[in-house]
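Participant: below is the sequence, then the predicted model.
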Amino acid sequence: ACDEITEVWDDMSDLALVALVVNLLVIGVLHLVLGQVLNPLLRVAAGFRELEQGHFHYRLPLPRIRDLADIIGRFNALASSLAGAQADNVRLNRRLVAVQDSERRQLAIELHDEFGPCLFSLKANVASLARFAEQLPPDIGGAVRDRAGTLREIGERIETTNRRLLKTV
């Protein structure tokens, strides 16, 4: 009976050793196979981090696994679309700034060429009105001079505002 127990023990020890070796081989094969699948997924995750940081020209190499190649192909297409959208945004921003600058220049020209002469004419007419008021009877002349003074003050405020606008445009 003791010999049988020893024999069974030896057989079980051998069997346990074989099971251990088989398990280690299975774990090694799984590690290699899963590594082949997970490495491209890790590269995709790294690619998304690149896109998040605004590196839209980043591309991933296509793996041998067909399903992953389709996903990575779509990732690369997305990166291309984002790069194109970014280029469009830069171009549109430049165009917007150019249009705004052009509008400012046009506004400055109109303020200077149109508004300036009108203000000069207003000031000249107000001065003429004040001189004319000197020839009127005092009761009427005083009222006209007061109105002319008010018009002169309004004209000066408009002129000051016009100069300020011309400096900012």
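Facilitator: Looks like it arrived, so ask away. Numbers count the residues shown, from 1 in each chain.
Participant: tell me, how many residues neighbour Leu62?
Facilitator: Neighbourhood size, Leu62 [other Cβ atoms under 10 Å]: 14. For glycine as for every other residue, the C-beta is placed from the backbone atoms N, C-alpha and C.
Participant: chain neighbours aside, what residue packs nearest to it?
Facilitator: Among residues not flanking Leu62 along the chain, Ala69 sits closest, at 4.8 Å (Cβ to Cβ, 6 or more residues apart in numbering).
Participant: that neighbour and Leu38, how far apart?
Facilitator: Plainly put, Ala69 is 15 Å away from Leu38 if you go by Cβ to Cβ, to the nearest Å.
Participant: same check, this time on Asp11
Facilitator: Asp11 is 39 Å from Leu38, by Cβ to Cβ.
Participant: so Leu62: helix, strand or coil?
Facilitator: Three-state assignment for Leu62 (DSSP: H, G, I helix; E, B strand; the rest coil): coil.
Participant: I'd say it and Asp70 touch.
Facilitator: No. Under the criterion of Cβ atoms under 8 Å, Leu62 makes no contact with Asp70, lying 9.3 Å away.
Participant: quick one: residues contacting Arg145.
Facilitator: Residues near Arg145 by Cβ atoms under 8 Å, 6 or more residues apart in numbering: Ala130, Ala133, Glu134.
Participant: and which of the residues you listed is nearest Gly54?
Facilitator: Distances from Gly54 to those, taken as Cβ to Cβ, are shortest for Ala130 (65.7 Å).
Participant: counting contacts, what elements does whichever strand or helix holds that closest one pack onto?
Facilitator: Using DSSP states H and E, Ala130 falls within helix 116-133. Packed against helix 116-133 by the contact rule (3 or more Cβ pairs under 8 Å, 6 or more residues apart in numbering; DSSP states H and E) you find helix 138-168.
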